[in-house]
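need a structure here:
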Amino acid sequence: MYLSKVQLDWKDTRNPYDWHRALWRLFPEQPEEKRAFLFRVEQQRPGQGALILLQSPTAPYPYDAATRVIAEPKRLDLSAMTEGLSLRFRLMANVIKTIRDSEDTERPIRVPLIKEEQQLEWLRRKLADSAVIEAVTITPNTPLFFRRKGQAGKLATITFDGRLRVFDPDGFQRLMESGVGAAKSFGCGLLSVARGA
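Residues are numbered from 1 along each chain as shown. Predicted structure coming up:
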């Protein structure tokens, strides 16, 4: 597993729907139907593009005309995790629940969880098989507005920052590799961790 810092050109950051497509260019050898990377937008400025944190099973190709790896990819050794390990974490997530449309009960609708208690419970459920939350701060993010196939959309995200304790290292490693929750193509789901206070 590799962690890389990537700079996206401004033209690829205006519509959040294009982020994932731009990052694909760093993996020219991989078939498009198999998304194996996770990412999070760390910083975005109008006219300047975006700084991306990218996690991938293989090192990204270092350069594309509009997408550049700006620091040497760092190899992550997830096998070094042990039971009882305490880690700092950050997760940007699309915290949702699925309900049924009252007019069309076959059609599921995703709605954001607004209350902080619901958001914390969502995170606890996602981590329940491998880690326990020791402390967490929840920060709402500016909604993401996007266009896809001529349709406008809006995505509500929040950022969890905190500390957790791992009790199932193998399960936690799988969670880090697969990501947490929905909207991964919009930069959600990357669970980044670090040791220390």
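
What are the contacting residues of stretch 92-109?
With Cβ atoms under 8 Å, 6 or more residues apart in numbering as the test, stretch 92-109 has contacts from 40-41, 110-113, 118-119, 122-123, 141, 155-160, 180-183, 186-190. Where C-beta positions appear, they are placed from N, C-alpha and C, glycine not excepted.

Name the strands paired with the host helix or strand of Leu54 and say parallel or antiparallel.
If you go by DSSP states H and E, Leu54 is part of strand 49-56. Using DSSP bridges, the strands paired with strand 49-56 are strand 2-8 (antiparallel), strand 38-45 (antiparallel).

gap between stretch 22-35 and the chain center?
Relative to the chain's own centre, stretch 22-35 is displaced by 17 Å; criterion: Cα atoms, centre = their mean, to the nearest Å.

Chain neighbours aside, what residue packs nearest to Lys74?
Among residues not flanking Lys74 along the chain, Leu3 sits closest, at 4.8 Å (Cβ to Cβ, 6 or more residues apart in numbering).

Weed out the non-buried ones from the contacts of stretch 92-109.
40-41, 112-113, 119, 122-123, 141, 155-158, 160, 180-183, 186-190 (16 or more other Cβ atoms under 10 Å).

okay, stretch 74-84 in CSV with CA atoms only?
C-alpha atoms of stretch 74-84 as CSV (Å, rounded to 0.1, in the frame of the first residue of the first chain):
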residue,chain,number,x,y,z
LYS,A,74,5.5,6.4,0.9
ARG,A,75,5.1,2.7,1.4
LEU,A,76,2.7,1.8,4.2
ASP,A,77,3.3,-1.4,6.2
LEU,A,78,-0.2,-2.2,7.4
SER,A,79,1.0,-5.6,8.6
ALA,A,80,2.8,-3.8,11.5
MET,A,81,-0.5,-3.1,13.3
THR,A,82,-1.0,-5.0,16.6
GLU,A,83,-3.9,-5.5,18.9
GLY,A,84,-4.3,-2.6,21.4
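
What residues sit buried inside it?
76, 81.
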